[in-house]
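Novice: can you look at this prediction? I've put the sequence above it.
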Amino acid sequence: MKRPNDVILRTVTKVAVVIILTFSIHLFISGHHYPGGGFIGGLAFTAAITLLFLVYGIDTIRKNISVDFKAVAAIGVLISVLTGVGGMMAGKPFLNQTSGPVDLPLLGDTMLATAVLFDVGVALAVIGTALTIIMSIGDDH
Amino acid sequence: MIPWILFFSLSFLTFSILATIYRLIKGPTASERVMALDALGIYLISGVAIFSILLKSRAFFEIILLIGILSFVGTIALARFLERGAVFERNQSD
C-alpha cells in the first residue's frame, strides 16, 4: 500500500498539540474564579491525545505513553472521594471545602483552595474514561 | 447603530446555520456532511464572537478556542475516515 503523504498534518500536529495541552492546563487552573475546571480541562487534554492517536497511530503513542488509562480513571475517582472524606475527618459535611492565604517560599502570599485537589481527581477520571472509550472504539475492526 | 448591525449579522448567522443543518441532514454523500459540520463550527465561532462584542465581555473567548480545537480534531477524524475507511491507523511503521 502506498504511504500517504501527510507531512503537513504531522508538522501542524507537533505544534498544535503543545498549544492544546497548554490551553487545557489553563482551563484547569482558571476553574476556581473563571469558566473552566477539571471536567473541561480533562476533555481538552483528551482532545490533544486523540489528535496524537489520529496522526501517529495508536500503537506508536501507546508505546511512548505506556499508562493504563483505566487505572488513571480509578485513581481519579479515588482522589475525589478521599478529598470528600477529608472534610468529614474535621467534623464538617462530606465534600466540604476551604480556602485561605498560604505563605509560600517563592510565590509569596498565595490563595490556595482544597477544591483544586477534588478537581485533580475529576480531571484524571475524565481523562481515563474518555481515552479508554476512544481506544476501545478504535481497536475493533 | 453598532448593536443593530450585530443583531442583523446574528440573524443572518442563524439562517446560515439552518441552511447548513439542512445540508447536514440531506447531504447525498458523506463528504457534504463533513463539509457541513466544518462550516457549522465556523458559524458557531463567529456567533460567539459577535455575541461577546454585543455583551462587551471577554468571558467567551475560551469557548471560541475550544470550539476551534474540537472542530479541528473532528474534521481530521472524519476526513481520515472518508479517505481510508478507518479512523485509527494500525501498525504504522514510524
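Specialist: Perfect, thanks for sending it. Numbers count the residues shown, from 1 in each chain, chains lettered A, B, ... in the order given.
Novice: nearest spatial neighbour of the spatially most central residue of chain B, chain-adjacent residues omitted?
Specialist: Closest to where the C-alpha atoms of chain B average out (CA atoms, centre = their mean) is B:Gly41, at 0.8 Å. Spatial nearest neighbour of B:Gly41, excluding adjacent residues (CB to CB, 6 or more residues apart in numbering or on different chains): B:Ser71 at 3.3 Å. No exception for glycine: its C-beta is placed from N, CA and C like everyone else's.
Novice: what does B:Glu62 give?
Specialist: Distance criterion CB to CB, 6+ apart; nearest residue to B:Glu62, sequence neighbours excluded, is A:Pro35 at 6.2 Å.
Novice: and that neighbour, that one's in a helix?
Specialist: No - per DSSP: H, G, I helix; E, B strand; the rest coil, A:Pro35 lies outside any helix segment and is coil.
Novice: just name the shakiest helix or strand of chain B by mean pLDDT.
Specialist: Every helix and strand in chain B was compared by mean pLDDT, DSSP states H and E; the lowest is helix B:61-84, with a mean of 88.
Novice: buried residues in that one?
Specialist: The neighbour-count check on helix B:61-84 (16 or more other CB atoms under 10 Å in any protein chain shown) flags B:62-67, B:69-74, B:76-78, B:80 as buried.
Novice: for the helix or strand where A:Thr132 lies, name the packing helices and strands.
Specialist: Element membership for A:Thr132, per DSSP states H and E: helix A:115-139. For helix A:115-139, the elements it packs on are helix A:38-56, helix A:58-64, helix A:69-89, judged by 3 or more CB pairs under 8 Å, 6 or more residues apart in numbering or on different chains; DSSP states H and E.
Novice: ok, and what's touching that helix?
Specialist: A:28, A:31-32, A:37-39, A:41-43, A:45-46, A:49-50, A:53, A:58, A:69-84, A:95, A:97, A:99, B:87-88 (CB atoms under 8 Å, 6 or more residues apart in numbering or on different chains).
Novice: mean confidence for the one helix or strand B:Phe8 maps to?
Specialist: Per DSSP H and E, B:Phe8 falls inside helix B:2-26. Averaged across helix B:2-26, pLDDT comes to 94.
Novice: same check, this time on stretch A:131-140
Specialist: Averaging pLDDT along stretch A:131-140 yields 82.
Novice: in it, what's buried?
Specialist: Residues of stretch A:131-140 classed as buried by neighbour count (16+ other CB under 10 Å): A:Leu131, A:Thr132, A:Ile134, A:Met135, A:Gly138.
Novice: for chain B, what are the nearby residues on chain A?
Specialist: For chain A, the contact set with chain B under CB under 8 Å from any CB of the partner chain comprises A:4, A:9, A:16, A:20, A:23, A:27, A:34-36, A:40, A:44, A:47, A:50-51, A:53-60, A:138-139, A:141.
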